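Participant: generate a structure from the sequence data that follows.
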Amino acid sequence: MLFEEDSENPAGRVPASGLGATRVPRDPGLLWSFGILAAVSLALMLLTGVFLAMNYVVGVQPFETVQWIMRDVSYGWLIRFMHMAGTSIFFIIAFVNVGRGLYYGSYKRPGQRMWTLGLVTLILMMLTAYTGYLLPMGQMSYWSTLALAKTLAGFPFVGRNIVRWIMGADSIDGATLTHFYTFHILFAFGIVGAVMAHLQARRMNAGEAPTVATVPFHPFHTVRLGIALLTFLIVCSVIVFFLPYTFEQSANFQPADPLVVPSNITPQWYLLPFYAMTRCTQSPLLSLVLVVAGWAALFALPWLDPSPLHGRQHRALFHPALVGFFVVVILLGWAGSHPTTSGWVLLDRLFTLLYFLFFLVGVPLLGLIETPGVNLDLRHRFSVKALLEGSGASALPPASVPRGKEAP
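Facilitator: Take a look at the predicted model:
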């Protein structure tokens, strides 16, 4: 790696080529580090998944097979704890990245490609987790898989045939495990491809992004990322060694029993918001429509928001509304974790309604309200500045120069 002199660098020089010479914003903020943490999480999930795949026997007493990996395989308990807890950690980082994109307006031009590929990656993550959750064949994983498959069966005309093809039978058996094991691996490769496409879109957008103060990646951000990565690994170690079952449900410590239905069927926490949407109606078709519409609203966000502004500036109304939306999503998942009684179903419907109102009414309306105010504020500021400096109409923006009084 070649270096060149730089007076702004305390070390006196910076890389002249390679990754270290990549220009990045001078002060991107703490949340910028979560992209690197997501890449590290993905690498750990792939690595531990490979070791688990070496020892997992498909269809031969899956619950006992997992217990054998935990007890008899060398460091099998550590590998499974890392994979099991790492899934939830990976989703937390992914949700933080999505929330960061919403907060800073990263979904707007020129970031539509990045936003779309990020959502595709999140969908593949959920599909990978959904197919992998069944493999231990615990009581809750068995019944939650059936509950979500019922929603997919609502697809018109061919829904039941699709479910039968995915599961390999009319009920969950050895063929279902074989199918889900295969899908689990294929979706994992799909995540890798989506992440690579996402990074490529990030590089393509680098030249189209607004001009900001930038610095070389090394050494300005390597130290920052090193501290963030060290903190992340410490937190992960605490969870893996001391709190490995934090995100696990107690019913899943029992082998699957097709004759005993749990009193409260709930999937993993990262699927709860969309699972709550499926409980708003008893029709499988309408449940499927709600889930698809929920994802479609996220994909359509770059076109639903008419405001061209990025970041937190001049959006005094949108950001409190966005915080309220985050609270609604959390409450939607919280309501979906409770039994399907009339009171909780009513809350499911209320929070689902608020979810769609934010995208279909709140985002377009706030974008229209805030943008004209910003334009007027800018014109007033420039005109006052021009009067104070005595520079006349030549200091005004082109849109605010009176007709017939253009500067020579």
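Participant: please identify the buried residues of the helix or strand harbouring Ile89?
Facilitator: Here Ile89 is covered by helix 76-104, with elements defined by DSSP states H and E. If you call a residue buried by 16 or more other C-beta atoms under 10 Å, then helix 76-104 has these buried ones: 76, 78-94, 97-104. Quick note: C-beta positions are derived from backbone N, CA and C, even for glycine.
Participant: please apply the same query to stretch 262-277.
Facilitator: Neighbour counts over stretch 262-277 (16+ other C-beta under 10 Å) mark 262, 265-277 as buried.
Participant: ok, of those, which one's closest to Ala228?
Facilitator: Distance to Ala228 across the buried residues of stretch 262-277 (C-beta to C-beta) is lowest for Tyr270, with 22.3 Å.
Participant: so the nearest residue to the closest one once chain neighbours are set aside versus Thr266, what's the distance?
Facilitator: The spatially closest residue to Tyr270, leaving aside those adjacent along the chain, is Phe91, at 4.2 Å (C-beta to C-beta, 6 or more residues apart in numbering). Phe91 sits 15 Å away from Thr266, taking C-beta to C-beta, to the nearest Å as the criterion.
Participant: please apply the same query to Ile239.
Facilitator: Taking C-beta to C-beta, one finds Ile239 at 21 Å from Thr266.
Participant: sorry, back to before: filter the buried residues of stretch 262-277 down to the ones in helices?
Facilitator: With helices identified by DSSP state H, the entries of the buried residues of stretch 262-277 that belong to them are Leu272, Pro273, Phe274, Tyr275, Ala276, Met277.
Participant: contact partners for the residue lying closest to the fifth one once chain neighbours are set aside?
Facilitator: By that I understand Ala276. Spatial nearest neighbour of Ala276, chain neighbours left out: Gly336 (3.0 Å); criterion: C-beta to C-beta, 6+ apart. With contact taken as C-beta atoms under 8 Å, 6 or more residues apart in numbering, Gly336 is in contact with Thr266, Leu272, Pro273, Tyr275, Ala276, Arg279, Asp348.
Participant: quick one, what contacts the residue lying closest to Leu31 once chain neighbours are set aside?
Facilitator: Among residues not flanking Leu31 along the chain, Arg100 sits closest, at 4.5 Å (C-beta to C-beta, 6+ apart). Contact criterion C-beta under 8 Å, 6+ apart gives Leu31, Phe34, Ser106 as the residues in contact with Arg100.
Participant: and for Phe34?
Facilitator: So, once contact is read as C-beta under 8 Å, 6+ apart, Phe34 ends up touching Ile93, Val96, Asn97, Arg100.
Participant: check which helix or strand covers it.
Facilitator: Under the criterion of DSSP H and E, Phe34 resides in helix 34-55.
Participant: avg pLDDT for that helix?
Facilitator: For helix 34-55, mean pLDDT is 94.
Participant: angle of that helix against helix 76-104?
Facilitator: 150 degrees (axes from the mean of the first three to the mean of the last three C-alpha atoms, to 10 degrees).
Participant: name the residues of helix 34-55 that are buried.
Facilitator: Taking 16+ other C-beta under 10 Å as the basis for neighbour counts, the residues of helix 34-55 that come out buried are 34-38, 40-42, 44-45, 48-49, 51-52.
Participant: ok, now which ones touch the closest residue to Leu304 other than its chain neighbours?
Facilitator: Nearest non-adjacent residue to Leu304, counting by C-beta to C-beta, 6+ apart: Val363, 5.0 Å away. Val363 is in contact with Leu301, Leu304, Asp305, Phe318, counting by C-beta under 8 Å, 6+ apart.
Participant: so which of those residues are in helices?
Facilitator: Secondary structure from DSSP H places Leu301, Leu304, Phe318 of these in helices.
Participant: following the top helix by length along the chain, which helix or strand shows up next?
Facilitator: Ranked by residue count under DSSP H, the longest helix found in the chain is helix 174-206. Using DSSP H and E, the next helix or strand after helix 174-206 towards the C-terminus is strand 214-216.
Participant: pLDDT below threshold where in the stretch 301-408 of the chain?
Facilitator: For the stretch 301-408 of the chain, residues meeting the criterion pLDDT under 70 lie at 311-314, 372-408.
Participant: an error on my part: the question was meant for the stretch 101-250 of the chain.
Facilitator: Counting by pLDDT under 70, the ranges of the stretch 101-250 of the chain that qualify are 206-213, 217-220.
Participant: next structured bit after the helix holding Ile89?
Facilitator: Using DSSP H and E, the helix or strand that follows helix 76-104 in sequence is helix 112-133.
Participant: one step back: looking at the contacts of Gly336, which one is closest to Trp165?
Facilitator: Proximity of the contacts of Gly336 to Trp165 (C-beta to C-beta) peaks at Tyr275, which lies at 22.5 Å.
Participant: I'd assumed Leu148 was in contact with the closest one.
Facilitator: Yes. With contact defined as C-beta atoms under 8 Å, Tyr275 counts as touching Leu148 (7.1 Å).
Participant: give the residues shared as contacts by the two.
Facilitator: Any residue near both Tyr275 and Leu148 by C-beta under 8 Å, 6+ apart counts here, and that gives Pro267.
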